[in-house]
Each structure stands twice: as structure tokens, then as C-alpha cells.
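J.: Below: sequence and its predicted model.
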Amino acid sequence: MEQVEVQVAQQQDLVKDPHYYVELVKAIYNGDWEAAKAFFDLDPWSLTAKITEMHDTPLHVAISSSRSPEFIRRLVDLLPHASLGTAKLFTGFTALHFAAMVGNVEAAQILVHKSPELLQQRASSASSFDLPVTTAARYSQRDAVTYLLSVTPDHTWRPLTDDALPPINDGVVLLNLLIFDDFYGLALHLLRRFPSLARGRENFTHGSAAIFTLAEKPQAFPSGTRVGHCRRFWSHCKSSLLKVCKTTFATTTEIGKEHTQVMELLRLLISEILKAASTAEVKTLLAPAISLAAMSGISEIVKEIVKAYPMAMWFVDTQGRDIFHVAVMYRQEKVFNIMYQMSAAKTLAAAFVNPTTGDNLLHMAGKLGPTDKIPGAALQLQRELQWFNQEVEKIVQPTFREMDNNELDTPSDIFTEQHETLIEQGEKWMKDTANSCSLVAALVVTVAFAAAFTLPGGSKDDGTPNYLNKPSLMVFLAADTLALFSSSTSLLMFLGILTSRYSEKDFLRSLPMKMGIGLLTLFLSIAAMLIAFGASLHLVLYHNVNWIMVPIGLVASVPSLLFAFLQFPLLVELLFSTFGPSIFGKQSDEIIM
């Protein structure tokens, strides 16, 4: 009888314009049960009608907008039981799917209490067969996922048979979504209950395994987060200053807890994968994940897989590249540095040649890497040269340096050909920067030189300065001298850049060093010039305006701070990349294999 009533309601619903239900929608939005109940009494069919242009029923609207769980409870009690499982036309979502999507946990509890079978009812749209808990995960609703996962029957997550329709492994789908949403604690909880999910894929023909999804999350691992030297320095200082704050301590603790959960999840995934029935199945699951981890720079995943399954070091991707070829190709030094934690296997890894292309490790270093990791063409070229000349070239066998690949190209041929445009861009950037900065340096030289012969306060007939015994005059002379010498040094550095040959090797050290010294001395000269100006002004006005040094100091600091703000990040990158510690080398004493 209830089913017949629902069908009749749906038929009548087709002929009514949504404008008819405006007052009902307003009552639901306001949580006004009395007004809504009065509307239902006048029009009983409106209980299950599509009252909006999006074909929402009153229950859908209440779940997404009502501020009163009691309103939803009364509405559910009033509804026919069969209507709770009626799906929304456009999305195919039942009321429980809708509650999961918007994160309305109270509504979900009410619906599950009245109709537990909704937990296993799938969405009925052409694009989605999700269960309610999967929908909650797909929309990143942590609280809804936590509740629905706790009440969904266990048999839902066990692997399905090959003839299941639809052929979806709900457990793996949910596990992947939890990882994607950074809900690592929930993912670990699910995997501990059902370890076999580690060996499953989203369906029986294709789809990601959970370890591959984890390899798509570089931000979950310290090695997968890349920041510049300036930002790293600032972050370190900021964290050191704020450690005393409780909020910061809580945040730091939460980050540490998340990292612990990620590593525990990773190790559990690997250990369960190794329980697979065959080597082929293990390779099918681990090879794509370790290759993607190498590409993304997640050294933790590469290390854990290789330690647990040493043969994984020889896995190759669809293009015939092993993990170190991939790491060099994508300039992932943290993965490449694993080679320093290997014993005799390091020689074998460095000697690997791609069977498809004939490329050795140095060929990969000769290819143009990603150009979005380092700011500026000149610094990008410097990093490329560090990879090619300073690192990979010294690791490979001497014969590999002149080895031809299948295209009869040596590593040097590839480097020159693929970096030609980057060299042109680096040269243009260097010249433009040097031209602009040398103009400023020349102006400072002129001003500082002239100021030395026009002392503030004037001189006596014998040439002795009138304010010789005043500290401000000594400050003026010292600052003016520093401004003259530092601006002269800066000008010489920029002239050296403009007259350079701009060969490949010049970008490794010579040009970045000149640019770094030039920028540093230019900053010193500008700061010294402003100090000299402030000292001069104080010397002239102090006998009339005693407080003049305060506004002078504040105003004079603005240009210096502005220059530092604009150029300091570039200066730090230049100095660290040229004179700082190498990005290559052993990261720990642990022997991987």
C-alpha cells in the first residue's frame, strides 16, 4: 500500500511547479516544524514530492539545510518506510547518501536507526554506485565516514567474486578515498580489520591499489615536500620561535602523529602485498607504486619497498626505466641519494641501461628535467649542471660518459641539445638583472663619492670638519666609505657578468657567484648610503630637533627593507645553491641493501 502511495505521489508531483512549494521550503530551511506540518496536512503528497528544481524531496532539503535534528526526526517518523530508499533523480542519492555527502551525522543516525538497510543501498546514477560511507569519503566528511564505517556490516568490505555486479571492490574504493582525503587513521583502522584490501584493486579489470594511491600523496611524507632555501630558513625560524605556544605544539604533535600513521599504513600495505600468491601479483602491485614514488620524490616509499622486497629495485616502468633512472629524470635527489645507502648493489644500479632506449644514467641526467622546481632560468641551469657534471657523471662508469644510446647520442650531446633554450633564457636573465642592478650600483658610487667631499656641517679654513668630535660625523664617514666600496664591488661583479662568455660551465659556479656577491654588496651599499644620509641629517638638525633620529631611522629603513623583501629570496637561493651544502650524499647510516 505504501509503495502505491509513493508512486501516486510521484505522478502527481510531475504536474506541480516548484513555486508551489516555496512556503514549505522556507519552513524547512527555518526548521519550523509547525509550518511544515501544516503544509503536509493540507497536501499529504508533498511529503515525498520533488519540491525544488533539483528534484529534492522535503527530506533532502531538511538534511542539507535544517538546523534542527528534531525536525528531521519528526519528518522521518512521518514518512513511509519505502520512501527512505527512494533515490534523488539527478544524483541517484538516497537520503542517507545525501546526509553522508553534506556531513549531517545526526540525520544519518536517525535514518540508520529507522532503516539499517540503507547502509548497503548504492547510489543509482549512471556514474556512481557508491555506498553511503563511500559517498561520505568522496566528499571528505570525516565525522560522517567515522560513524558510517562503524555501523556498516563487516561483510561489505570483503572481496567480491568475479561475477559480482557491479564489479566494485567497495573496501579498496573506500581505502583509496580515505588515503586521498588524508584520513590516515581511518585508513589504518580499515586495513587492520581487513588486511586483504592491500592486495585488492578497485575492480577486477583495472583501478588503483591502495599503495599506488599512497604514492600519489607526496605531501604526506617529509621527502615529498619541496620548499626553497629561503622558505625553509623562514619556516625553521618561525617554528623555533613558536614552539612555546600551545597551539603550535598541538599542531606539531598532530603532524607527527599523522606521519607515524602514514608510515605504519605503508608498512602494513607492503607486508600484506608480500603475502600474495605469486611473484607476478606482487610485481603488479609494487612496480607502479615504486615508480610513481620515485617520480614524486617519496624516498620513504622507495626505501620501505626495497628493504622489504629487494628485487623491487630492478622493477622498470612502461618505458623501461628503473627507479634511479626515474629519479634522475625528474630530479628527485632524495630518491637518488638512496644509492649512497647501498653496498655493492650501488655499482649495479649505476650500471643499469634502459633496454628500450639504450639510455644509461648519465643520458637521463642530460635530458631536461622539470623546470618548475627552481626559480629562474639561470638557477635551473645551475641545478641541471650539478646533476650532470657534479653528481651523475662521477657515479657512472667512465665508459658511460661517451656511450651512445639507440639514437647514437652521447650524454653530452643530449645535454647540449635539450638545454640550448634554457642557456639562452639564463643568459638573458643574467644580463637583464646585471644591467638593472649595475645602474643602481653606479648611482650609489656617484653619490657616495661626492658625499665624501661635501661633509655635513662644513669645514674650517684649514679644512678641519666643524663637527669632527661628533659621533654622528664618524658614523657618516664610516657608512659613506662602506657605501662607496661595496657599490664599487657590486658594479665590478655586474660588469663581470655582462662580459662573460656564457658557456655551459659558467652557469655552474662563476655566474651565480658573481650575481650573488653583486646583489649582496648592492644591498650593503644601499643600506650604508641610507645610514650616511641619516647621520648627516642628524648632525645638521640635532641642536634644534633632538628627537630627529627616530623618524629618520624609521623612514631610512623602508628602502632597505623593501630591497631585502624583493631580492632576499633570490639572494638566498643563489648563495645556498652555489656555496651551500650539496643536495647529494648519504642521508643516514642505514644500509638499504
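T.: Sure, I can see it. Numbering: from 1, shown residues only.
J.: Which helix or strand in this protein has the lowest average pLDDT?
T.: helix 2-13 (a mean of 44; mean pLDDT, DSSP states H and E).
J.: Number of residues surrounding residue 482?
T.: 19 (other CB atoms under 10 Å). Placement of C-beta: from N, CA and C, glycine included.
J.: next one: phi and psi at it?
T.: phi -60, psi -40 (degrees, to the nearest 10).
J.: Which residue comes closest to it once chain neighbours are left out?
T.: residue 528 (4.1 Å; CB to CB, 6 or more residues apart in numbering).
J.: Tell me the confidence at the one you found?
T.: As predicted, residue 528 sits at a pLDDT of 91.
J.: now residue 575
T.: pLDDT, residue 575: 85.
J.: From residue 40, how far off is it?
T.: 73 Å (CB to CB, to the nearest Å).
J.: Strands of the stretch 201-350 of the chain, residue ranges please.
T.: Here the stretch 201-350 of the chain has no strands by DSSP state E, counting those that start in this stretch.
J.: Any regions of it where pLDDT drops low?
T.: 204-206, 225-256 (pLDDT under 70).
J.: what sits up against the helix or strand following the least confident helix or strand of the chain?
T.: Using DSSP states H and E, the next helix or strand after helix 2-13 towards the C-terminus is helix 22-30. With contacts defined as CB atoms under 8 Å, 6 or more residues apart in numbering, helix 22-30 is touched by 33, 35-36, 39, 46, 51-52, 58, 61-62, 65-66, 71.
J.: who's in contact with residue 62?
T.: Contacts of residue 62 (CB under 8 Å, 6+ apart): 28, 71, 72, 75, 107.
J.: Name the residues of the helix or strand where it lies that come out as buried.
T.: Under the criterion of DSSP H and E, residue 62 resides in helix 58-65. Going by neighbour count (16 or more other CB atoms under 10 Å), the buried part of helix 58-65 is 58, 59, 60, 61, 62, 63, 64, 65.
J.: And stretch 484-492, by the same measure?
T.: Buried, per 16+ other CB under 10 Å, within stretch 484-492: 484, 485, 486, 487, 488, 489, 490, 491.
J.: wait, the third one sits on residue 525?
T.: Yes - Residue 486 sits in contact with residue 525 when judged by CB atoms under 8 Å, with a separation of 4.1 Å.
J.: From residue 426, how far off is residue 379?
T.: For residue 379, the distance to residue 426 - CB to CB - is 8 Å.
J.: out of these two, which sits in the busier spot?
T.: Counted by other CB under 10 Å, residue 379 and residue 426 do not tie: residue 426 has more neighbours, with 25 against 22.
J.: I'd assumed the more buried one was in a strand, is it?
T.: No - counting by DSSP: H, G, I helix; E, B strand; the rest coil, residue 426 is not found in a strand; it is helix.
J.: In contact with residue 590, which residues?
T.: Per CB under 8 Å, 6+ apart, neighbours of residue 590: residue 341.
J.: Quick check: phi and psi on it?
T.: phi -70, psi 130.
J.: heads up, I number from 11, so please use that
T.: Understood, numbering begins at 11; the last thing we discussed is residue 600.
J.: now stretch 297-314, how far from the centre of its chain.
T.: 16 Å (CA atoms, centre = their mean, to the nearest Å).
J.: Between the two ends of it, how far is it?
T.: 13 Å (CA to CA, to the nearest Å).
J.: And the contacts of that stretch?
T.: Residues contacting stretch 297-314 (CB under 8 Å, 6+ apart): 219, 221-222, 224-226, 228, 231-234, 236, 273, 276-277, 280, 315-316, 322, 325-327, 331, 333-334, 336-337, 340, 342-345, 347-348, 597, 602.
J.: got the domain boundaries for the protein?
T.: Per automatic domain parsing, the domain ranges recorded for the chain read 11-162, 173-325, 363-428, 439-589.
J.: Reformat the ones you listed as CSV; add distance to residue 356.
T.: What follows is these, written out as CSV (distance: least, CB to CB, whole Å):
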stretch, distance to residue 356
domain 11-162, 42
domain 173-325, 11
domain 363-428, 8
domain 439-589, 25
